[in-house]
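>>> sequence first, predicted model second:
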Amino acid sequence: MIASEELMAILILGIMIFLFGIVIGSFLNVCILRLPAGESVAKERSHCMKCGYTLAWYDLIPLFSYLFLRGRCRKCGEHISAQYPIIEALNGAVYVLVFYLYGWSIDSAIYCLLASALIVLSVIDFRTQEIFLANNGFILALGLIHLGFHLGDWVTLVIGLFAVSIPLALIVIITHEGAMGWGDVFLMGAAGLLIGWKQIVFALIAGCVLGSVIHIIRMRFFGADRKLAMGPYLSLGIMIAITVGRGFVDWYFGLLHL
């Protein structure tokens with residue numbers, strides 16, 4: 001049994017992690033909006049896209065400002081996209097899940113940042129079918145940092161860099177980017193270095209299965225085009241691999257003695 005004091009401490013810690021996550025989630029919304037437009041994510045002040053009203057600090061409190069303003073601009077009343085609170089809440093929830101699974105560790109910090117990068121990548125790729133090099137570069141940097149803390153696993157991690165990315169690169173070359181793009185290749189290479197070859201193979205399989213099923217549903221019921229952005233599905237596969245799929249991956253490859 002967990003003592004009431006310990007349970008309260010865990011609850012408070014979870015709330016703090018969630019609040020930190022939604023703050024980072026607010027910045028993710030800025031990246032999602034400005035990166036495709038080629039705008040700076042740091043220099044410009046946040047403003048209403050319709051009337052140009054420069055948002056005050058009390059308009060920028062993650063999640064809570066949206067709820068308080070009922071999803072509308074304080075100045076002109078223009079509707080604010082529900083994307084903002086959804087991304088903030090999602091990022092906060094993922095941070096809590098990661099810390100629950102990995103505890104207070106460097107891995108938790110790295111995986112949280114990975115999740116944030118994948119959220120930005122997924123939304124942008126879904127909208128524009130483009131994965132920015134800066135996003136993949138950030139994931140690669142996380143992989144190098146992770147490698148530095150896990151030099152004993154360097155073989156598994158370095159193999160992960162190539163295990164999926166090389167086959168995907170061949171597919172891109174053979175199909176002349178008809179099946180997927182180089183951004184997907186670089187994503188799986190960078191993520192493979194971070195999570196290792198077993199996890200990235202699982203992520204590829206999970207992402208392809210989810211992509212096929214979900215996109216068929218979108219085509220059938222929502223009139224989606226046949227061409228799909230693979231980035232969101234590969235990103236989802238990566239997150240499944242390091243969270244709920246982690247035990248399955250260890251179990252499966254254990255049966256193969258790998």
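Arrived safely.
>>> nearest residue to Thr156 other than its sequence neighbours?
Excluding the flanking residues, the one nearest Thr156 by CB to CB, 6 or more residues apart in numbering is Gly196, at 4.4 Å. The way it works is simple: take the backbone N, C-alpha and C, and place the C-beta from them, glycine included.
>>> distance-wise, check that neighbour relative to Ala163.
Distance of Gly196 to Ala163, given as CB to CB, to the nearest Å: 9 Å.
>>> which of the two has more neighbours?
Gly196 (25 against 20; other CB atoms under 10 Å).
>>> for the more buried one, phi and psi?
The phi and psi values for Gly196, taken as degrees, to the nearest 10, are phi 90, psi 160.
>>> residues touching it, list them.
153, 156-157, 159-160 (CB atoms under 8 Å, 6 or more residues apart in numbering).
>>> what about the chain, any weak spots by pLDDT?
1-3, 43, 48-50, 52-53, 57, 256-258 (pLDDT under 70).
>>> residue nearest the centroid of it?
The centroid of the chain falls nearest to Leu118 when counting by CA atoms, centre = their mean (2.3 Å).
>>> ok, then the element right after the helix or strand encompassing it?
Using DSSP states H and E, Leu118 sits within helix 106-128. On the C-terminal side of helix 106-128, the nearest following helix or strand under DSSP H and E is helix 133-149.
>>> now that next one - C-alpha only, CSV.
The C-alpha coordinates for helix 133-149 follow below in CSV (Å, rounded to 0.1, in the frame of the first residue of the first chain):
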residue,chain,number,x,y,z
LEU,A,133,15.6,19.3,-41.6
ALA,A,134,15.8,21.3,-38.4
ASN,A,135,13.3,19.0,-36.7
ASN,A,136,15.2,15.9,-37.7
GLY,A,137,18.4,17.6,-36.7
PHE,A,138,17.0,18.2,-33.2
ILE,A,139,16.1,14.5,-32.9
LEU,A,140,19.6,13.5,-34.1
ALA,A,141,21.1,15.8,-31.4
LEU,A,142,19.0,14.1,-28.8
GLY,A,143,20.2,10.7,-30.1
LEU,A,144,23.8,11.8,-29.8
ILE,A,145,23.2,13.0,-26.2
HIS,A,146,21.5,9.8,-25.4
LEU,A,147,24.4,7.8,-26.8
GLY,A,148,26.8,9.7,-24.6
PHE,A,149,24.9,8.6,-21.5
